[in-house]
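Undergrad: Based on what follows, work out the 3D shape:
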Amino acid sequence: MIYYRFVNYDIDAIKTILESMGKVRFEKSLPNRDHKPTKMKNFKLVWNGKVCEVCYLFPGDTRYTKLFHIKEYEMPETGWVWENYRN
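TA: Numbers count the residues shown, from 1 in each chain. Got it, this is the predicted structure:
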């Protein structure tokens, strides 16, 4: 079955979100604290209409890892793209 969601790859928008959340919250959200995100191009925001998540593609992985949720008032207004995907 095909699902639809909005995705944002805008590096400036993602930088703003990461700066606003702080280093402590970001480091607590990492699933494996030995491997830390190093490239901004591997981040993306995913919004399915209910929840907006910050995701990262770690080296060697084929799927994005969900790091944390953000509130609607923290979401950027520009840069969203309509995307279809299979679950």
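
Undergrad: Please make it C-alpha for all contacts and neighbour counts, starting now.
TA: Will do.

Undergrad: from the chain's centre, how far out does the lowest-mean-pLDDT helix or strand in the chain sit?
TA: The helix or strand of the chain with the poorest confidence is helix 23-29; it has a mean of 84 (mean pLDDT, DSSP states H and E). In this view, helix 23-29 has its centroid 14 Å away from the chain centroid, taken as Cα atoms, centre = their mean, to the nearest Å.

Undergrad: so after that helix, what's the next helix or strand?
TA: Following helix 23-29 in sequence order, the next helix or strand is strand 43-47 (DSSP states H and E).

Undergrad: How far off centre is the helix or strand following that following strand?
TA: Helices and strands here follow DSSP H and E; after strand 43-47, the next one along the chain is strand 52-56. The chain centroid and the centroid of strand 52-56 are separated by 2 Å under Cα atoms, centre = their mean.

Undergrad: For strand 52-56, give the mean pLDDT please.
TA: For strand 52-56, mean pLDDT rounds to 94.

Undergrad: and what of stretch 64-75?
TA: Here stretch 64-75 scores 90 as its mean pLDDT.

Undergrad: Now do the buried residues in the least confident helix or strand of the chain.
TA: Using 16 or more other Cα atoms under 10 Å as the test for burial, helix 23-29 gives no buried residues.

Undergrad: and it, what other elements does it pack with?
TA: With contacts taken as 3 or more Cα pairs under 8 Å, 6 or more residues apart in numbering; DSSP states H and E, helix 23-29 sits against no other helix or strand.

Undergrad: Kindly state the beta-bridge partners for the residue nearest the centre of the chain.
TA: Nearest to the geometric centre of the chain sits residue 54, at 2.1 Å (Cα atoms, centre = their mean). Residue 54 has the following beta-bridge partners by DSSP bridges: residue 45, residue 68.
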